[in-house]
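Colleague: Here is a sequence with its predicted model. Questions after.
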Amino acid sequence: MDKERDIIQKVLDGDAENEEKQSIARSVESDPELRREFTGLMNAVRMLEESERQEAPSAFTAEVMKRLPRRPRSALGSVREFLFGSRVLRWNMATALTAAVVVLVAAISLSRMHREPAMTTAPGEPVATVRLTFYSPQARSVAVAGEFNKWKTDADEMKKTDGTWSIDLKLKPGVYTYSFIVDGKSWVPDPGAESYEDDGFGSRNAVLRVMI
Amino acid sequence: MGAAMKHDQQPDEEAIIHQCLDGNADSYSVLVERYKTMVYNVAFRMVGDADTAKDIAQESFLAAYKGLRQFKFESKFSSWLYRIVLNKCRDHLRLAKETVTTDDIATVRPDPGPSPEQAVAARQNTDILQRALKQLPADYREVLILKHIEGLDYQEIAAITGAGIPALKVRAHRGREMLRKVLEQSGVTHG
């Protein structure tokens, strides 16, 4: 009887061999007491497995985030944030006017210069279509920035399908470093990249080799 | 581009954790969003009370954040979170003395429970399973939760709890047996 109860537990653990399953089926069939126990155990396990998943209360994440202690930024992290982080600037009319003049002059100057597009592909030049993918069901937006688009964070937005973000890029043969930008602020190197390079700010960029 | 990560991390988790360590606390919200249901559920099933479960789950995320430097990517991040929330639950149960110990198995009796009218309503609307689980020793309860509610295998449960697989199987065996008896005594034999 104890041996049979052990086999029942193996069945419930998913460890039983076919022979053991057949043997216990016969025993349960012929022994009402064992059948009652077996049914009760199966019922208990079924209740566990089918129990409803409770949703975390609303604002759960916001409450946790509010309580997080703020870590001092590392020196390299601060440099990176300074260069790539988003920020709010406060203006008064004097600084706004000065900035407007500077922007206007710069725009006129630039428009007179020959400016190379982000990626040149002369007619007939071979290009490869490369698909980048990134799994992040929680992200609200993902873009890719890299050498191929002069590290523009809004040039190549990725599209989400079933939690996976993807984009097709047409690239000339070569080696490019790049990174994903999650929700417009977090720089995440492609977890599936073949290799990585230090970005000079204490983090890494993914490396993409395009060959035809 | 789709290659498997070491230790089965979600693809972006290593980078997110490094960003948090780098001072970018906002990145942590991705991990909280991803695992809040898992952590809250384990806490709820362990302590049986929504408010306490919420407190424990939030404390668990805070503890994980404060201890991120101790996370060495030697296990899944989710396993590490399971370990933290279970420790918090054990602490809570120990302080509240709400649970029986493994030594008390022979004396476990079904919770007298609510009045017959309340029992009908409870059966219809609330979780009978929760009341039954509450009568199990905490170490049995946690194995049943991880194995049969969270669907983890014994290897992962061993990594989370620090117990050996044979010991875990014994706990599961005894826990299921106790649960069966408690459910039968509650009149829920055949679901």
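Modeller: Great, that's in hand. Nothing here was measured: the structure is a model prediction, and the numbers come from that model.
Colleague: Report the contact partners of the residue nearest in space to the middle of chain A.
Modeller: Closest residue to the average C-alpha location of chain A: residue A:136 at 3.3 Å, with CA atoms, centre = their mean. With contacts taken as CB atoms under 8 Å, 6 or more residues apart in numbering or on different chains, residue A:136 has the following neighbours: A:142, A:163, A:165, A:182, B:11, B:12, B:30. All C-beta spots, glycine's among them, are computed from the backbone N, C-alpha and C.
Colleague: and residue A:178, that's in a helix?
Modeller: No: remark: residue A:178 does not belong to a helix; assigned using DSSP: H, G, I helix; E, B strand; the rest coil, it is strand.
Colleague: residue contacts, it?
Modeller: Shown in contact with residue A:178 (CB under 8 Å, 6+ apart): A:132, A:144, A:145, A:146, A:147, A:148, A:190, A:205, A:206, A:208.
Colleague: Could you single out the nearest of the contacts of residue A:136 to residue A:26?
Modeller: residue A:163 (46.2 Å; CB to CB).
Colleague: Relative to residue B:34, how far out is the closest one?
Modeller: Going from residue A:163 to residue B:34 by CB to CB, to the nearest Å gives 11 Å.
Colleague: Compare neighbour counts for those two and give me the winner.
Modeller: residue B:34 (20 against 11; other CB atoms under 10 Å in any protein chain shown).
Colleague: Mind checking the pLDDT average for the helix or strand hosting the more buried one?
Modeller: Assigned by DSSP states H and E, residue B:34 belongs to helix B:28-47. Taken as a whole, helix B:28-47 carries a mean pLDDT of 94.
Colleague: anything in it near chain A?
Modeller: Yes: with CB under 8 Å from any CB of the partner chain as the criterion, chain A is reached by helix B:28-47 at B:28-30, B:32-34, B:36-37, B:39-41, B:44-45.
Colleague: what residues are up against residue 181?
Modeller: Going with chain A. For residue A:181, the contacting residues are A:142, A:143, A:144, A:145, A:153, A:187, A:188, by CB under 8 Å, 6+ apart.
Colleague: wrong one, chain B
Modeller: Here residue B:181 is in contact with residue A:40 (CB under 8 Å, 6+ apart).
Colleague: That one and residue A:24, how far apart?
Modeller: Counting by CB to CB, the gap from residue B:181 to residue A:24 is 20 Å.
Colleague: same question, residue A:170
Modeller: Distance check for residue A:170 against residue A:24: by CB to CB, it reads 61 Å.
Colleague: Looking at the two now, which is surrounded by more residues?
Modeller: It is residue A:24, of residue A:170 and residue A:24, that has more neighbours when counted by other CB under 10 Å, with 21 against 12.
Colleague: correct me, but the more buried one touches residue A:8?
Modeller: Yes: under the criterion of CB atoms under 8 Å, residue A:24 makes contact with residue A:8 at 6.0 Å.
Colleague: anything in contact with each of the two?
Modeller: Joint contacts of residue A:24 and residue A:8 (CB under 8 Å, 6+ apart) are residue A:38.
Colleague: For the nearest residue to residue B:188 once chain neighbours are set aside, grab the count of nearby residues.
Modeller: Spatial nearest neighbour of residue B:188, chain neighbours left out: residue B:128 (5.6 Å); criterion: CB to CB, 6 or more residues apart in numbering or on different chains. Neighbours of residue B:128 under the rule other CB under 10 Å: 18.
Colleague: and stretch A:167-174, which residues are buried?
Modeller: Using 16 or more other CB atoms under 10 Å in any protein chain shown as the test for burial, stretch A:167-174 gives A:167, A:169, A:171, A:172.
Colleague: no wait, stretch A:131-143
Modeller: Neighbour-count burial for stretch A:131-143, counted by 16+ other CB under 10 Å, picks out A:132, A:133, A:134, A:135, A:136, A:138, A:139, A:142, A:143.
Colleague: do the same with stretch B:60-79
Modeller: B:60, B:61, B:62, B:64, B:65, B:68, B:75, B:76, B:77, B:78, B:79.
Colleague: Where does confidence bottom out across the residues you listed?
Modeller: For the buried residues of stretch B:60-79, the weakest pLDDT value sits at residue B:75, with 84.
Colleague: ok, now how distant is that one from chain A?
Modeller: 17 Å (CB to the nearest CB, to the nearest Å).
Colleague: what do residue A:163 and residue B:34 both touch?
Modeller: Both residue A:163 and residue B:34 are in contact with residue A:137, where contact means CB under 8 Å, 6+ apart.
Colleague: circling back: among the contacts of residue A:181, which ones lie close to chain B?
Modeller: Among the contacts of residue A:181, proximity to chain B is found for A:187, A:188 (CB under 8 Å from any CB).
Colleague: From the contacts of residue A:181, which land in strands?
Modeller: Counted as lying in strands by DSSP state E, out of these, are A:142, A:143, A:144, A:145, A:187, A:188.
Colleague: Name the nearest of the contacts of residue A:136 relative to residue A:126.
Modeller: Residue A:126 has its nearest neighbour among those in residue A:165, at 26.9 Å by CB to CB.
Colleague: That closest one and residue A:140, how far apart?
Modeller: Distance from residue A:165 to residue A:140, by CB to CB: 11 Å.
Colleague: Strands along chain B, start to end?
Modeller: In chain B, no segments count as strands under DSSP E.
Colleague: Please see if stretch B:138-147 touches chain A.
Modeller: Yes: Stretch B:138-147 is in contact with chain A by CB under 8 Å from any CB, via B:144, B:145, B:147.
Colleague: Could you pull out the buried residues of the helix holding residue B:34?
Modeller: For helix B:28-47, the neighbour count (16+ other CB under 10 Å) marks B:28-36, B:38-47 as buried.
Colleague: just checking, what packs against that helix?
Modeller: Applying 3 or more CB pairs under 8 Å, 6 or more residues apart in numbering or on different chains; DSSP states H and E, we find helix B:28-47 packed against helix A:60-67, helix B:13-21, helix B:50-66, helix B:77-96, helix B:138-144.
Colleague: Find the nearest non-adjacent residue to residue A:68, please.
Modeller: residue B:25 (5.1 Å).
Colleague: Next, count neighbours for residue A:62.
Modeller: Neighbours of residue A:62 (other CB under 10 Å): 11.
Colleague: the inter-axis angle of the host helix or strand of residue A:206 versus helix B:13-21?
Modeller: Applying DSSP H and E as the criterion places residue A:206 in strand A:204-210. If you take axes from the mean of the first three to the mean of the last three CA atoms, to 10 degrees, strand A:204-210 sits at 150 degrees to helix B:13-21.
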